[in-house]
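**Student:** One predicted model, sequence on top.
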Amino acid sequence: MPPLSSVPHLKKYRTKYPHFDLSGVDSEISQIGCLPQPGQVVFHGGVWPVNSGGCCAGQKFLLTKPFSTTLCAGVAGAHANTHNPRQLWVITVSPTISTPVFFFSNNRNQFLSYELEVLFASGATIECTAERQLQHYQIIEVSI
């Protein structure tokens, strides 16, 4: 991926969130992003948006804005800890993925580099495939 200095909308997303231009971020991801590898697993810590009590296998929704994920389950767990209920998404990229992503640099000089962030553009369909409880977390298995 190019340096943030050459993608101003993604740089603003990374450094000024939530004050960023949604269409600009989507445009830059579409122009320079790539498709994630089918089978790739990423994580997200946040509340399932369809039903506040959790997901049901087969539930789907369309992403209407960029979707932040991480290659690190610990980072997603930290984000899940800021929500109630604590939901940790385990997301597997499907073979039919057509939504590009932007992989942020993990160079130590990069802002939030420890997050190992993978940002999906708007437009992907998310499907809950299973859910279970693991100690203090609801684990939501997802296909994207």
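**Tutor:** Received, thanks.
**Student:** Do a quick rundown of the strands in the chain.
**Tutor:** Counting by DSSP state E, the segments of the chain that form strands are 41-45, 60-62, 67-70, 87-92, 101-103, 117-120, 125-134, 137-143.
**Student:** right, and the ones you listed - which one's nearest residue 19?
**Tutor:** Relative to residue 19, the nearest member of the strands of the chain by Cβ to Cβ is strand 67-70, separated by 15.1 Å. Heads up, the C-betas are built off the backbone N, CA and C, glycines and all.
**Student:** Report the rounded mean pLDDT for the closest one.
**Tutor:** Computed over strand 67-70, the mean pLDDT rounds to 96.
**Student:** what's the answer for stretch 9-28, then?
**Tutor:** On average, stretch 9-28 scores 95.
**Student:** do the same with stretch 88-105
**Tutor:** For stretch 88-105, the mean confidence score works out to 95.
**Student:** first vs last residue of it, how far apart are they?
**Tutor:** Terminal residues of stretch 88-105 lie 23 Å apart, using Cα to Cα, to the nearest Å.
**Student:** Counting neighbours, which bits of that stretch end up buried?
**Tutor:** Residues of stretch 88-105 classed as buried by neighbour count (16 or more other Cβ atoms under 10 Å): 88-91, 93-94, 97, 99-102, 104-105.
**Student:** Would you state the helices of the protein in chain order?
**Tutor:** 8-16, 22-32, 73-80 (DSSP state H).
**Student:** Nearest to residue 49, out of these?
**Tutor:** Residue 49 sits nearest to helix 73-80 of all these, at 14.2 Å, using Cβ to Cβ.
**Student:** Quick one: list the elements packing against that closest one.
**Tutor:** Applying 3 or more Cβ pairs under 8 Å, 6 or more residues apart in numbering; DSSP states H and E, one finds that helix 73-80 contacts strand 41-45, strand 87-92.
**Student:** export those strands to CSV and tack on distance to residue 81?
**Tutor:** Formatted as CSV, those follow (distance: least, Cβ to Cβ, whole Å):
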stretch, distance to residue 81
strand 41-45, 7
strand 87-92, 10
